[in-house]
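>>> have a look; sequence and predicted model below, questions after that.
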Amino acid sequence: MQTIVASSRTRDTLLLALFSAVVLTAPLWAKAIGAGYPDLLQKFAIFGLFAIGYNLLFGLTGYLSFGHAAFLGVGSYATVWSFKLLTMNVIPAVLLAVAISALFALVIGFLSLRRTGIYFSILTLAFAQMSYNLAYSVLTPITNGETGLRVLRNDPRVLDAALGVQVEGSPLADLFGITLTGYSGFYFCAALLIFGFWVSLRIFRSPFGMKLVAIKSNQTRMEYTGFNPRPYLLSAFVISGMYAGLAGSLMAIVDPLAGAERMQWTASGEVVLMTILGGVGTLIGPIIGAATIKYFENIFSSFNDQVLQQAFDFLPGWLADIMVTVTSPFVGDGWHLTLGVLFMVIIIFLPGGIMEGVRRIAGLFGRKPEEGQA
Amino acid sequence: MEAILLQILNGLDKGAAYALIALGLTLVFGTLGVVNFAHGALFMMGAFVAVGVQNLLTISARVRDTSITFFEAYKETPYLELWWGDVGRTIIDYAVPISVIVAIPVMLLIGLAMERGLIRHFYKRDHADQILVTFGLAIVLQEIVKGFFGANPIPVNAPQVVATSVDVGSLFGLEGITYPWWRLIYLGFSLSVIGGVFAFLHFTTFGMVVRAGMHDREMVGLLGINIQKRFTIVFGLAAVVAGVAGTMYTPILSPDYHMGMEFLVLSFVVVVVGGMGSLPGAVAAGFLLGILQSFFSMNEIKTYLPGIDQIIVYLVAVIILLVRPKGLLGKD
């Protein structure tokens, strides 16, 4: 497993600069792979953040949480409530969402971290399912149950009212007058993604990060050296919960709506998948994993037999027909099948995810794999 | 009083399903040390064996409908009915019991194939990897089933004789407790399966070796016994238990492709609450959580504690895990 190796500061700065450049130019290069529209790019950034945060817990400490979707949902609800009660400006919304999800993570983490291994996983799962079930049923006054919580035109919005800001048409999230839809929404998410990446980079390189890795490799030994792992674990749990809350908040910002299904355990499963697919415990991996899954979800589920027919047009007729028949169960509605297969293949052959694949290929070309670089 | 008894009965058949799945999960964990997230998918596949058998038995031909004389009307009539008349109809009526017999070899094969093909490569990997690969497998299996049978729930009927309800109350001298026959049958069936598994483990030489292997695998290996082979068979057995549990459950809940996942999450809670690796614990926790779930859905309780029915299982799980780290009957 990839671990932290002390790395020079210039190299980190370079990595951050490169990362920012890639993220900020995404609208340009994403066109080439057919992902050049803001909805999808926003998803890349949001789930990238979610996965980075999840990786700080699972990747560094090895604690497999199955309940992170709860924080995602809490972040969304907090954001929508801020839109409803305070203002359509996103700054208070984001701060509120992160603060509330941190509080949730503190409580859930404090209880769940008393156990390790599968017991920890089940505890987080239980808490998340409780939140989900409650959000669906009795908490309807807060969550609006099945319908989902929406921002309405005649909501009070006390801050906006005090400042005399009027909402025309349907209310949209804004940043001091800039409406956050389409590409402006993407750039807002991208800025936060870069910030989140920077924080994660700092944590990876810090003594705090070293201690988290120490928990993963040998908790007993760490205790013998005089460190109590609990506070470090709890901090990591809360930080990753805050990332999830931030991601949830961004979801509600680009589309002012929050629903309970965001808290279901399948959503927690999805982020585990993204992290694993990209590469557990690597810096860039989780973002690549998140982008890959969201990309395939969008592209594959829009495929149908005609598109396939075109794709295999260069083959002789009979072969093209066979290829279409073989591949058609994997696209459109069946894209989950692709996901499942991909997932198994990754776990079986490439437990380190895409990043390990990259390193192996780099190794083939005789270059010494750069430990800790990515 | 009647209401409470009825709720307990309601909880028992759900608890029975949890117990059967949890029993298999625990067997697999205890023998192979593998956390199998695809176990719910096995339950689901067992249910779809019933659907498949029902579909096979009712392959139909178009025949002239003689009851309509105004115009040429046709209706679909199963071949079995055309060939054998009433006997055929009875066979179709008993589709579910027949599927149980079909499900045993089918699920055994699926289980063995799964163990040999995938699970055995994961003995030495950590639990997270095992969870993830079996989770992937579960997705694949349920998508395949969805591909064949569609996404909608498919109703499967219990035989006519037992489609009615029985007045359970009269046994206890209480009025007005009627309960569907099939749910009682399910309860009896699962109790006998559980009893069978325990008897198999405790009263046969094979079971004795398996228990010894669960205790100390290396030692049993050193005595010249091929413990791996036996554990593989145990995996097949666990698959059969989950499968028949699903097959028999079809008249209670029309199967759809994601029913396995729903049961799996709760079954995992059950396993952990019972104590990982403890078979009696899994069974006890299965029934306990099933009963608690339906007990807390009573309106009398819901008015005092709104929403409690939605979270009770998880709440109990959290409390037990925090108070008794190794579960109800787990060993330290």
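Received, thanks. As the structure is a prediction and not an experimental result, all values here were calculated from the model. Numbers count the residues shown, from 1 in each chain, chains lettered A, B, ... in the order given.
>>> run a quick neighbour tally on residue 136.
Assuming you mean chain A. Using other C-beta atoms under 10 Å in any protein chain shown, the number of residues around residue A:136 comes to 19. No exception for glycine: its C-beta is placed from N, CA and C like everyone else's.
>>> not quite, go with chain B.
By the criterion of other C-beta under 10 Å, residue B:136 has 25 neighbours.
>>> against residue B:310, how distant is residue B:26?
With distances defined as C-beta to C-beta, to the nearest Å, the gap from residue B:26 to residue B:310 amounts to 26 Å.
>>> which positions in chain A make contact with chain B?
A:62, A:64, A:111, A:114-115, A:117-119, A:121-123, A:125-127, A:129-130, A:133-134, A:136-139, A:265-266, A:269, A:272-273, A:276, A:329, A:334, A:336-337, A:339-341, A:343-344, A:347-348, A:351 (C-beta under 8 Å from any C-beta of the partner chain).
>>> in space, what's closest to the residue in the stretch 201-332 of chain B that chain A sits nearest to - neighbours in sequence excluded?
Shortest the stretch 201-332 of chain B-to-chain A distance, computed as C-beta to the nearest C-beta: residue-wise this is residue B:307, at 3.2 Å. Once flanking residues are discounted, residue B:307 sits nearest to residue A:138: 3.2 Å by C-beta to C-beta, 6 or more residues apart in numbering or on different chains.
>>> quick one: contacts for that neighbour?
Applying C-beta atoms under 8 Å, 6 or more residues apart in numbering or on different chains, one finds that residue A:138 lies in contact with B:306-307, B:310.
>>> which of those fall in helices?
Among the contacts of residue A:138, the residues falling in helices (DSSP state H) are residue B:310.
>>> for the contacts of residue A:138, give me TSV that also has pLDDT and neighbour count.
Shown next, in TSV, are the contacts of residue A:138 (pLDDT from 0 to 100; neighbours: other C-beta atoms under 10 Å in any protein chain shown):
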residue	pLDDT	neighbour count
B:306	74	13
B:307	73	18
B:310	76	23
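>>> strands of the stretch 51-200 of chain B, start to end?
For the stretch 51-200 of chain B, the strands defined by DSSP state E, counting those that start in this stretch occupy B:60-64, B:74-78, B:165-167, B:178-180.
>>> winner for burial among these?
strand B:178-180 (a mean of 17; mean count of other C-beta atoms under 10 Å in any protein chain shown).
>>> SS state for the closest residue to chain B within the stretch 251-374 of chain A?
Using C-beta to the nearest C-beta, the point where the stretch 251-374 of chain A gets nearest to chain B is residue A:340, with a distance of 3.3 Å. Under DSSP: H, G, I helix; E, B strand; the rest coil, the three-state class of residue A:340 is helix.
>>> okay, it and residue B:113: tell me how far apart.
Counting by C-beta to C-beta, the gap between residue A:340 and residue B:113 amounts to 17 Å.
>>> okay, the two: which has more neighbours?
Here residue A:340 and residue B:113 are compared on neighbour count by other C-beta under 10 Å; more neighbours surround residue A:340, at 21 against 12.
>>> for stretch A:20-28, which positions count as buried?
In terms of neighbour count (16 or more other C-beta atoms under 10 Å in any protein chain shown), stretch A:20-28 has its buried residues at A:20, A:23, A:26-27.
>>> pull out the buried positions in stretch B:259-273.
Neighbour counts using 16+ other C-beta under 10 Å place B:259-261, B:263-273 of stretch B:259-273 among the buried residues.
>>> tell me where the stretch 151-300 of chain A has strands.
Counting by DSSP E, counting those that start in this stretch, the segments of the stretch 151-300 of chain A that form strands are A:174-175, A:178-179, A:257-258.
>>> which of these is buried the deepest?
Per residue and on average, the most neighbours among the strands of the stretch 151-300 of chain A fall to strand A:257-258, with a mean of 23 (mean count of other C-beta under 10 Å).
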